[in-house]
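Asks: fold the following and give me the result.
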Amino acid sequence: MDTIYGSVFKGSNAIYACQLNGKGGITAFEEDSLVTAEQPVWQHLDYKNPDSHQWLMNTTLLPSPVKEGLVSESIRPKMLRTGEGTLITLRSVNRNDNARPDHLVSFRIYINDKIIISSRHRKIHSIDQVQEDLHNGVGAKSTGNWLIEIAGAITDEVNDFIEELHDNLIELEDDILEQKIPGRGELVLLRKQLIVLRRYMAPQRDVFIRLTSERLPWMSDEERHLMQEIADRLGRGMDDLDGCIARTAVLADEITSMMADAMNRRIYMMSLLTMIFLPTTFLTGLFGVNLGGIPGNKYQFGFGLFSFLLSLLMVVFAWWLRRSKWL
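Replies: I've put the predicted structure just below:
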């Protein structure tokens with residue numbers, strides 16, 4: 001593919017289309033423009049768009065396995081070499097409105113030294129910075145450099161989300177230290193977000209590591225070194241994830257212990273109250289029998305005296321429990 005024409009992208013209905021100029025900027029092209037092989041072309045598509053989907057399935061620029069990979073449903077991050085190009089699937093944090101960040105968005109890339117075709121359905125905000133850098137003339141200069149920019153932006157966004165989760169975990173820990181039990185579902189949601197992120201970021205780090213080890217013709221040694229640094233950054237984020245997951249298990253045990261202690265205290269207080277009223281219950285039951293000859297039944301102050309003696313008995317019994325360190 002030494003030379004292609006802009007007409008091969010006709011009907012793709014791309015979200016974003018440009019040609020890198022090799023100086024950190026872009027060159028716009030039309031459907032009737034000549035696109036030389038000196039600099040790569042980037043086509044960014046929504047694979048759920050009918051026009052884009054049809055173009056992806058019919059274009060001769062892509063082999064069949066790549067076409068299926070670019071329009072497939074959400075899958076785990078992976079890398080597949082196909083001839084001159086490479087198919088890469090990545091995951092990023094979902095920063096769209098009315099969406100939870102842990103509902104990760106998929107980003108699919110087919111890349112070689114002459115063309116970059118990427119697809120997604122939900123918007124990926126970390127890609128906006130890459131596009132803005134290209135418009136400002138300080139972006140990628142080659143396909144390998146472009147992939148470094150993309151991987152770095154996605155990794156930075158993931159690490160920022162990990163920091164948010166870590167801050168939420170610290171707040172829960174502070175509440176636990178103050179004997180405050182978190183709201184229902186807060187710890188479960190946090191733990192789920194940590195586990196989901198861990199599940200997808202582990203293979204994504206493996207993809208970055210594989211990119212550094214394979215001698216791809218469109219990646220220089222310097223770019224492979226930069227990719228290794230990105231993999232290391234993501235690895236450090238995963239270490240934080242593992243630590244946070246372990247800490248949520250400790251928090252869950254502590255919450256269970258706090259709730260058990262609270263229940264035990266309530267049961268203990270009820271038992272003590274039962275013990276305090278036990279002698280009085282016995283006496284009131286004894287004097288409440290329907291038999292003649294109950295002492296004091298004809299004495300006008302008998303009921304008052306009996307009530308006073310019962311109260312005195314309760315106070316003495318409570319004092320005895322406190323002296324015995326039961327209260």
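Asks: and Leu226, how far is that from Ala202?
Replies: Look at Leu226 and Ala202: by Cβ to Cβ, to the nearest Å, they are 21 Å apart. The C-beta positions use only the backbone N, C-alpha and C, and glycine is treated the same way.
Asks: over to Ser126?
Replies: Applying Cβ to Cβ, the value for Ser126 to Ala202 is 19 Å.
Asks: quick one on the thing from earlier: neighbour count: Leu226 and Ala202, which is higher?
Replies: Neighbours were counted for Leu226 and for Ala202 using other Cβ atoms under 10 Å; Leu226 has more, 20 against 15.
Asks: wait, that one sits on Ile150?
Replies: No. Contact criterion Cβ atoms under 8 Å: Leu226 and Ile150 do not qualify, at 12.0 Å.
Asks: quickly list what's touching both of these two.
Replies: Taking Cβ atoms under 8 Å, 6 or more residues apart in numbering as the contact rule, Leu226 and Ile150 have no neighbour in common.
Asks: can you give me the helices for this protein?
Replies: For the chain, the helices defined by DSSP state H occupy 50-58, 64-71, 125-135, 143-177, 186-213, 221-287, 302-323.
Asks: next, count neighbours for Asn49.
Replies: Counted with other Cβ under 10 Å, residues neighbouring Asn49 total 17.
Asks: report the contact partners of the spatially closest residue to it that is not a sequence neighbour.
Replies: The shortest distance from Asn49 to any residue that is not its chain neighbour, by Cβ to Cβ, 6 or more residues apart in numbering, is 5.7 Å, and that residue is Asn13. With contact set as Cβ under 8 Å, 6+ apart, Asn13 has these partners: 45, 49, 51-52, 55.
Asks: and with 6 Å instead?
Replies: 49, 51-52 (Cβ atoms under 6 Å, 6 or more residues apart in numbering).
Asks: how much space between it and Asp46?
Replies: 8 Å.
Asks: identify the contacts common to those two.
Replies: With Cβ under 6 Å, 6+ apart as the test, Asn13 and Asp46 both reach Ser52.
Asks: circling back: in terms of distance to Gly144, which of the contacts of Asn13 ranks first?
Replies: Ser52 (25.2 Å; Cβ to Cβ).
Asks: verify the stated contact: the closest one with Gln43.
Replies: No. Applying Cβ atoms under 6 Å, one finds Ser52 not in contact with Gln43, separated by 9.1 Å.
Asks: format the contacts of Asn13 as JSON lines; extra columns: pLDDT and distance to Ala246.
Replies: JSON lines is the format used below for the contacts of Asn13 (pLDDT from 0 to 100; distance: Cβ to Cβ, whole Å):
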{"residue": "Asn49", "pLDDT": "92", "distance to Ala246": "43"}
{"residue": "Asp51", "pLDDT": "92", "distance to Ala246": "48"}
{"residue": "Ser52", "pLDDT": "91", "distance to Ala246": "43"}
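Asks: quick one: these as a markdown table, columns for distance to Val316 too.
Replies: Listed next are the contacts of Asn13 as a markdown table, based on distance: Cβ to Cβ, whole Å:
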| residue | distance to Val316 |
| --- | --- |
| Asn49 | 85 |
| Asp51 | 90 |
| Ser52 | 87 |
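Asks: which one of the residues you listed is nearest Thr86?
Replies: Of all the contacts of Asn13, Ser52 has the smallest distance to Thr86: 20.7 Å, by Cβ to Cβ.
Asks: neighbours around that closest one, how many?
Replies: By other Cβ under 10 Å, the residues close to Ser52 number 22.
Asks: would you quantify the distance from it to Val315?
Replies: 84 Å.
Asks: cool, Ala262 as well?
Replies: Applying Cβ to Cβ to Ala262 and Val315 gives a distance of 28 Å.
Asks: rewinding a little: tell me which of the helices of the chain lies nearest to Ile116.
Replies: Of all those, helix 143-177 comes closest under Cβ to Cβ, at 5.9 Å.
Asks: show me where pLDDT drops low in the stretch 201-327 of the chain?
Replies: The stretch 201-327 of the chain contains residues with pLDDT under 70 at 286-300, 302-303, 325-327.
Asks: ok, now with 80
Replies: Applying pLDDT under 80 to the stretch 201-327 of the chain flags the ranges 268-270, 272-310, 313-314, 317-318, 320-327.
Asks: who wins for proximity to Asp102 among the helices of the chain?
Replies: Nearest to Asp102, of these and by Cβ to Cβ, is helix 186-213 at 4.1 Å.
Asks: which strands and helices sit next to the closest one?
Replies: Contact analysis of helix 186-213 by 3 or more Cβ pairs under 6 Å, 6 or more residues apart in numbering; DSSP states H and E lists helix 143-177, helix 221-287 as its packing neighbours.
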